[in-house]
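>>> Dropping the sequence and predicted coords here.
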Amino acid sequence: MSRPDHHPAALSPVEQRVAALEALLTERGLLPEGFVDEITRRYESDIGPMNGAQVVARAWADPEYKKRLLADGTAAIAELGFGGPEGDHMVVVENTPAVHNVVVCTLCSCYPWPTLGLPPAWYKDPPYRARMVREPRRLLAEMGCRLPGDVEIRVWDSSAEVRYLVLPERPRGTEGLTEDELAGLVTRDSMIGVARL
Amino acid sequence: MDGIHDLGGMQGFGPVVRSTAEPVFQHRWEAVARALMVAVTGAVEASGGEFRHSIERMEPGDYLTSSYYEHWLTAAATLAVEHGLVTQSELEARAGGRFPLSGPVLAPQVRDAGPDVHEPRFGVGDQVRVRERHSPGHTRCPRYVRDKVGTVARVDGRQSVPDIEAHGTARRYEPTYSVRFDAADLWLDGQRDVSVHVDLWDSYLERP
């Protein structure tokens, strides 16, 4: 049944389906006014990889903090004020000259929201999820992360409740930088493990 | 279930396509779809397992050809219909066309979850084999490690077993483990210096 009076032709089929469910839930009192905007703002502005970058910079600047971070990621990340859903069981894995870590969720899209925000589209799409556990060295190279052949690769499939954050290696020549300046060097991709700094 | 979502190791997919601009939401409807899922799972008190299973039950062709937030929309609508908040015909009338939902639950409701497991059966360094099971219901045991032998790398806290919580109100808590597999053992392709760690519940594992 077509309802052109409710849905202008400009709406795509998926937009029409979203609007349909939204309208029905609203009528039934299940979608409070402002709910969509509120949770959208939370994920667009309040959380994101700038949080994870602060954690990494602190670990680079403070060896004692780094020890705590690697021993109990959840508690050390909470010291900086980050935590909550998808961040309740954090494990931080450290890159070294000999070991490279990379994170994937083959079954869905598990990702550490409080430190990295919501995952990028490619992290949730089939090619990344299918291939990272099967041919990580090749896929990393394809994504621009070329590793020397003798570097060990550890892939972490987030299949239970733990969420992973990669601690990238501190770039050379950054000795004089402040913690804020260090945080500015840290990319989201380096904390997923698909890039080195 | 052995669904299309269980993608680890599948071949034939092309390159990982990344866009330079990566807004959190590419379109407004994605943010709305995400909020609708939060609203529906809250209203029906769906567990994480039930939520994930509602996506996993999508028709495989639909799953692969629709975007991530379409999965969430389909799952939200499926749960809303299954729990009696709306009907599919109401959805289709409002949408002015088809509104495909996920397929039916194939597994029975779990009545008896069995006792919680308090103590880990395995320790760091122990060898474990992943049980070869093909449950019709939800599981977080990926196909690509079933019947494979790995080594416990970390013992984590007790968590609700997804296979149970997805199918009713019963719950069982068990220790979870990070199990390290040598990639060459998984794929028999001779690759070296690569390990894959998978996080698994106690009941997924047995002694090799």
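Arrived safely.
>>> Just give me the neighbour total for the closest residue to residue B:135 other than its chain neighbours.
Spatially, and ignoring its direct neighbours in sequence, residue B:135 is nearest to residue B:163 (6.1 Å; CB to CB, 6 or more residues apart in numbering or on different chains). Bear in mind the C-beta positions are built from the backbone N, C-alpha and C, glycine included. Residue B:163 has 23 neighbouring residues, counting by other CB atoms under 10 Å in any protein chain shown.
>>> got the contact list for residue B:163?
B:49, B:135, B:137-140, B:201 (CB atoms under 8 Å, 6 or more residues apart in numbering or on different chains).
>>> With residue B:179 instead?
Per CB under 8 Å, 6+ apart, neighbours of residue B:179: B:128, B:130, B:145, B:150-153, B:197-200, B:205.
>>> what do you get for residue B:49?
B:138, B:160, B:162-167.
>>> Tell me where chain B has helices.
B:28-44, B:48-56, B:60-65, B:68-82, B:88-95, B:162-165, B:183-187 (DSSP state H).
>>> Could you list which of the contacts of residue B:179 also contact chain A?
When contact is defined as CB under 8 Å from any CB of the partner chain, the contacts of residue B:179 meet chain A at B:197-200.
>>> Give me the distance between the two termini of stretch B:138-155.
23 Å (CA to CA, to the nearest Å).
>>> That one: how far from the chain's middle?
14 Å (CA atoms, centre = their mean, to the nearest Å).
>>> List the buried residues of it.
Under the neighbour-count criterion of 16 or more other CB atoms under 10 Å in any protein chain shown, stretch B:138-155 has B:138-146, B:148, B:150-153, B:155 buried.
>>> cool, stretch B:189-200 as well?
Under the neighbour-count criterion of 16+ other CB under 10 Å, stretch B:189-200 has B:191, B:193-200 buried.
>>> Any idea how many residues pack against the closest residue to residue B:97 other than its chain neighbours?
Spatially, and ignoring its direct neighbours in sequence, residue B:97 is nearest to residue A:13 (6.4 Å; CB to CB, 6+ apart). By the criterion of other CB under 10 Å, residue A:13 has 13 neighbours.
>>> Is residue A:13 in contact with residue B:100, as I believe?
No - Residue A:13 is beyond contact range of residue B:100, at 10.5 Å (criterion: CB atoms under 8 Å).
>>> Could you measure from the nearest residue to residue B:132 once chain neighbours are set aside over to residue B:48?
By the measure of CB to CB, 6+ apart, the closest residue to residue B:132 outside its immediate chain neighbours is residue B:147, 4.2 Å from it. If you measure residue B:147 against residue B:48 using CB to CB, to the nearest Å, the figure is 26 Å.
>>> quick one: low-confidence parts of chain A?
A:1-9 (pLDDT under 70).
>>> which stretch of helix or strand covers the residue nearest to residue B:95 when sequence neighbours are not counted?
Spatial nearest neighbour of residue B:95, chain neighbours left out: residue A:20 (4.0 Å); criterion: CB to CB, 6+ apart. For residue A:20, the host element (DSSP states H and E) is helix A:13-27.
>>> list the contacts for the closest residue to residue A:134 other than its chain neighbours?
Of all residues not flanking residue A:134 in the chain, residue B:9 sits nearest, at 4.5 Å (CB to CB, 6+ apart). When contacts are counted by CB under 8 Å, 6+ apart, residue B:9 touches A:106, A:130, A:133-134, B:143-144, B:186-187.
>>> can you count the residues close to residue 115?
All of this refers to chain A. Applying other CB under 10 Å, I find that residue A:115 has 29 neighbouring residues.
>>> To clarify, I was referring to chain B.
By the other CB under 10 Å criterion, the neighbourhood of residue B:115 contains 9 residues.
>>> who's in contact with the nearest residue to it once chain neighbours are set aside?
Sequence neighbours aside, residue B:172 is the residue nearest to residue B:115 in space, at 7.3 Å (criterion: CB to CB, 6+ apart). Residues near residue B:172 by CB under 8 Å, 6+ apart: B:113-117, B:160-161, B:164.
>>> From these, list just the buried residues.
Buried, going by 16+ other CB under 10 Å: B:113, B:117, B:160-161, B:164, out of the contacts of residue B:172.
>>> of those residues, closest to residue A:34?
Proximity of the buried ones among the contacts of residue B:172 to residue A:34 (CB to CB) peaks at residue B:160, which lies at 31.6 Å.
>>> ok, the residue nearest to residue B:66 when sequence neighbours are not counted - contacts?
Once flanking residues are discounted, residue B:66 sits nearest to residue B:74: 7.5 Å by CB to CB, 6+ apart. Contacts here follow CB under 8 Å, 6+ apart; on that basis residue B:74 touches B:55, B:58, B:62, B:66, B:100-102.
>>> what's the spacing between residue B:74 and residue B:142?
22 Å.
>>> Going along the chain, name the strands of chain A.
A:90-94, A:99-104, A:152-157, A:163-167 (DSSP state E).
>>> Against which helices or strands is the third one packed?
If you count contacts as 3 or more CB pairs under 8 Å, 6 or more residues apart in numbering or on different chains; DSSP states H and E, strand A:152-157 packs onto strand A:90-94, strand A:99-104, helix A:136-142, strand B:194-201.
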